[in-house]
Structure formats: C-alpha cells, structure tokens
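Novice: kindly generate the corresponding structure for this input.
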Amino acid sequence: FESATVVTVDDDGLIIDLRFPPTTTVSGRVLSPSGSGVAGMCVRLIEPVEGTEIFTQDTCEGAAVTDAEGRYAITPDPWEVGQTRSVLTWDPRGRFAGTLAGGTRSPGSATPYELVGAVEVADVTVRRGAVLTGTAAKAGSGDGLAGICPTAYVGSAFVWGTLETCSSTTGTYSLRGLPAGTVTLALNTDISSGYASRWYDNAASQADATPLRLSPGQQRTLATQVYLAPGVVTGRVVNASGKGMAGALVDFGGAYSAQLGGCEGPLCATTDSTGRYRITLPPGTYTPLVSDVAGRFAAAFSGGVVVKAKAKAVVVTSGGRVSQNFSVRLGGRIGGTFEATDYRPGIARVLSGPGVTIGVLDIGQDGTITSSRLLAGRYKVALEGSGILYDGTSSTNWASGLWIEVKGGQTTSIAWHQSPMPTG
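Specialist: A predicted model of the protein is given here:
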C-alpha cells in the first residue's frame with residue numbers, strides 16, 4: 001500500500017484513510033566481550049525512563065531470541081510505533097549479566113530509539129555473569145534444608161536478569177547471571193515450613209547482611225547458612241461459655257485477617273470445628289490477633305486486649321512447643337451516620353493505635369455506619385484508601401483524629417461529616 005486508499009463516508013466530508021503504515025522492526029546483535037555473537041539471549045523493548053521496573057524470567061516467553069550469530073529482530077506492538085524505546089537483553093541460562101542498550105543497567109541511561117521504520121540498534125555487549133553458590137543447613141543435624149531461594153539486592157532494588165536455583169534436600173542453592181558490583185543476598189524460605197527467611201551471612205536483616213563484591217564471571221562459594229528449627233504453637237479459641245469457635249482466625253503477624261475474608265499468610269491459622277488450631281512458626285516473639293469473618297465476637301490480641309503494646313507476648317523457641325488460648329467476647333459497636341457532599345458507600349478501618357487495625361466500619365448506601373464487634377476501649381476510625389480520620393477535619397495525622405469510646409455490649413453513635421468525599 002504505497003498510496004492511500006480514501007473512502008468518503010458521508011456528505012459532511014468524513015474520510016477514512018485505509019492506508020497501512022509501513023512495518024516497523026527493531027534489530028541488532030548481542031555480543032560477548034570478545035566480539036562474537038551470543039546465541040539464546042532474550043531481547044525485548046522497554047521504556048528508557050528512570051524508574052521503569054524491569055522483570056525478567058528464566059525463559060524468553062514474549063521476547064525475541066538471538067540466533068547463532070547473536071542477531072535478533074523485534075516487531076513492536078502497533079501502539080508502540082512512533083514511541084521511544086530501548087532494548088533489554090538477559091540470559092535465561094545465567095551465563096551473562098543482563099544489559100540495556102548503551103551498556104547500562106539503568107533504564108534512564110539506556111540508549112533511546114524512535115520506533116519508526118527499520119530501526120538498527122547498536123551492538124549490545126554483555127559481560128559474563130557472576131555465580132554465587134551456597135548451602136543451607138538445619139541447626140543441630142547439619143542436614144541440608146530444601147526450599148531456600150536466593151535473591152540479590154542493590155540497596156532496596158532486587159537485581160534483575162539472574163537465574164535462581166532454590167535448594168533441594170542437599171541444601172545447595174545458586175544464583176547466576178549477576179552483574180559486577182556489590183550486592184546483599186536474601187535467602188528466602190516458604191515460611192509455612194516454619195523456617196524464617198534470612199540474609200547472608202546468617203543475618204536477620206539486610207542492614208546486618210554481609211555485602212558481596214562481585215567481578216564479571218566470578219564463581220564464589222558462600223559459607224553455610226544455618227537455620228534454626230521451627231517451633232509449634234497450639235491452642236483453642238472459646239467464647240464466654242467455653243464453646244469452641246470454629247473458623248476463628250489466629251494471626252501471629254498481628255493482622256486483622258477478618259477484613260481479608262480469611263487467613264492469607266503463613267503466620268495465620270484457622271480453628272477447626274472444636275475451636276483448636278496448630279501452627280508452625282520460626283523462633284521469635286509474636287503478638288497474635290484473633291478475629292472472625294462471621295462477626296460472632298470482637299477481635300483481640302493475646303491476653304484479651306485491643307492495644308498491641310499491651311498484648312501478651314508469645315515466645316516461640318527452636319524445636320519448642322507453646323500453648324496460646326483465647327477467650328473471646330461479644331463486645332460493642334460503633335454506629336451512627338456518615339455524610340459527604342459527594343457521598344458514596346465504602347469502609348473505614350477501626351484502629352486501636354497508629355497503623356493497628358482491629359475492626360472495620362461499613363458505610364451503607366443510606367449513610368448509616370456499623371462497625372464490626374469491638375471490645376470495650378478507645379478507637380479511631382480512618383477511611384479506607386485515603387486514611388482520613390474521624391473527625392480530623394480531612395486530616396490523616398493520627399493526633400488529629402478523635403477517640404471513640406466503646407463500652408461493652410453497647411453501640412456508640414457518631415455523626416461523621418466529610419466534605420468533600422476523598423478520592424483515595
């Protein structure tokens with residue numbers, strides 16, 4: 001279609017140009033430091049803008065693949081034609097470190113290309129990736145620990161373009177395709193196993209991790225990472241008459257799981273038909289929160305309190321067993337009305353302290369508000385999304401919100417006037 005095909009649709013002169021635009025292609029080569037082409041590299045387009053997030057995988061699904069001479073060709077999506085893009089390449093086999101056009105790993109510094117016609121990208125030279133290999137072992141026995149997965153970080157940003165191999169029963173893990181530079185290494189577990197994720201070398205936080213300085217192609221074997229055996233917590237949730245509460249949610253992360261509709265993380269257990277639960281946890285100190293999706297009782301921290309700082313600490317030791325029971329009560333509620341100039345229904349979080357959710361407040365179609373059951377105590381409420389507090393004059397500052405006193409078995413009524421309704 002070298003010339004336009006024009007169709008007149010109506011007498012008003014509305015015209016449709018049916019000419020197909022010329023095909024746009026992006027092509028180039030990926031080379032090794034010696035100048036030879038590298039086969040099997042994944043290549044795709046990205047926005048050359050600082051802050052662009054880069055995600056890679058251990059396959060080239062959705063990307064072009066270099067041939068035996070390191071050549072690739074990409075046909076951009078139609079909506080990308082005319083836009084500015086750069087080229088990202090990574091190695092699904094972990095031989096080479098991932099690179100952007102221009103020899104950088106920063107999207108903001110990558111060489112930009114306007115996607116018009118046939119675009120020939122300058123050769124992208126990749127360097128050999130470093131390899132880290134290590135062993136995870138169980139404390140005491142020294143047996144290998146399976147399921148340890150390594151991830152490298154530079155500051156708070158994870159290192160993209162690597163090939164991760166999680167440990168098997170031998171405890172051996174590896175990470176390939178790492179760029180030259182200094183990284184910290186997170187060794188992640190499936191926490192449902194009861195083993196806690198750690199940082200190299202046996203550090204509980206990134207701040208305490210041992211930095212690893214890497215050079216191109218370096219192969220480094222790390223010291224053995226030792227993991228303490230988990231402990232077990234068992235218990236029962238009962239009401240005031242001693243009846244077991246089936247389906248109660250016991251969250252050892254202190255989360256109000258009822259708002260999520262059930263347990264969503266490995267730190268949470270759901271009681272059985274007799275109100276009993278069992279959970280395996282890494283050694284540590286916990287302040288669990290019990291809640292109920294069905295709204296049969298008020299949420300409470302261990303010790304039957306609503307203030308997290310006053311909760312009874314549950315200490316889990318390596319290989320130990322501990323019991324934690326909960327006796328739950330009905331509690332009262334927060335009710336009343338909600339008004340806004342551009343009103344719409346929604347929810348608010350009921351807070352017993354800054355960032356500590358212990359209930360929810362539903363805002364109905366007619367502006368009536370009703371909270372979940374709450375133990376006697378003082379609370380603040382904040383609109384979900386915006387975080388605006390009652391009655392903090394549209395403020396999200398904790399100190400500006402008003403305390404609401406709830407008494408056992410009673411409903412405390414409030415009138416919440418919000419103008420305008422926040423958009424968060």
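Novice: contacts and neighbour counts: CA atoms only from here.
Specialist: Will do.
Novice: pick out the residue closest to the middle of the protein.
Specialist: Residue closest to the average C-alpha location in the chain (C-alpha atoms, centre = their mean): residue 265, at 11.9 Å.
Novice: any idea how far it is from residue 254?
Specialist: 11 Å (C-alpha to C-alpha, to the nearest Å).
Novice: quickly list what's touching both of these two.
Specialist: Shared between the contact lists of residue 265 and residue 254 (criterion: C-alpha atoms under 8 Å, 6 or more residues apart in numbering) there are no residues.
Novice: how many neighbours does residue 53 have?
Specialist: By other C-alpha atoms under 10 Å, the residues close to residue 53 number 12.
Novice: swap in residue 78?
Specialist: Other residues near residue 78 come to 10 when the count uses other C-alpha under 10 Å.
Novice: and it, backbone torsions?
Specialist: phi -50, psi -40 (degrees, to the nearest 10).
Novice: measure it to residue 23 for me?
Specialist: 9 Å.
Novice: kindly report the same for residue 102.
Specialist: Distance from residue 102 to residue 23, by C-alpha to C-alpha: 25 Å.
Novice: and those two? Which one has more around it.
Specialist: In this view residue 102 and residue 23 are compared by other C-alpha under 10 Å, and residue 102 has more residues nearby, 20 against 12.
Novice: and residue 150, its phi and psi?
Specialist: The phi and psi torsions at residue 150 (degrees, to the nearest 10) take the values phi -90, psi 140.
Novice: where does the closest residue in space to it that isn't next to it in sequence sit: helix, strand or coil?
Specialist: Computed as C-alpha to C-alpha, 6 or more residues apart in numbering, the closest residue to residue 150 that is not its neighbour in sequence is residue 187, at 4.6 Å. Local secondary structure at residue 187 is given as strand here, using DSSP: H, G, I helix; E, B strand; the rest coil.
Novice: then residue 362?
Specialist: Residue 362 - assigned by three-state DSSP - is strand.
Novice: measure it to residue 95 for me?
Specialist: The gap separating residue 362 from residue 95 is 54 Å, by C-alpha to C-alpha.
Novice: list the contacts for the residue nearest to residue 150?
Specialist: The contact partners of residue 187, by C-alpha under 8 Å, 6+ apart, come to 148, 149, 150, 151, 197, 198, 199, 200.
Novice: which one of those residues sits in the busiest neighbourhood?
Specialist: The residue in these with the most neighbours, by other C-alpha under 10 Å, is residue 148 (27 neighbours).
Novice: was I right about residue 322 contacting residue 278?
Specialist: No. Counting by C-alpha atoms under 8 Å, residue 322 does not reach residue 278; the two are 10.2 Å apart.
Novice: more neighbours: which of these two?
Specialist: Regarding residue 322 and residue 278, a neighbour count based on other C-alpha under 10 Å identifies residue 278 as having more, with 18 against 13.
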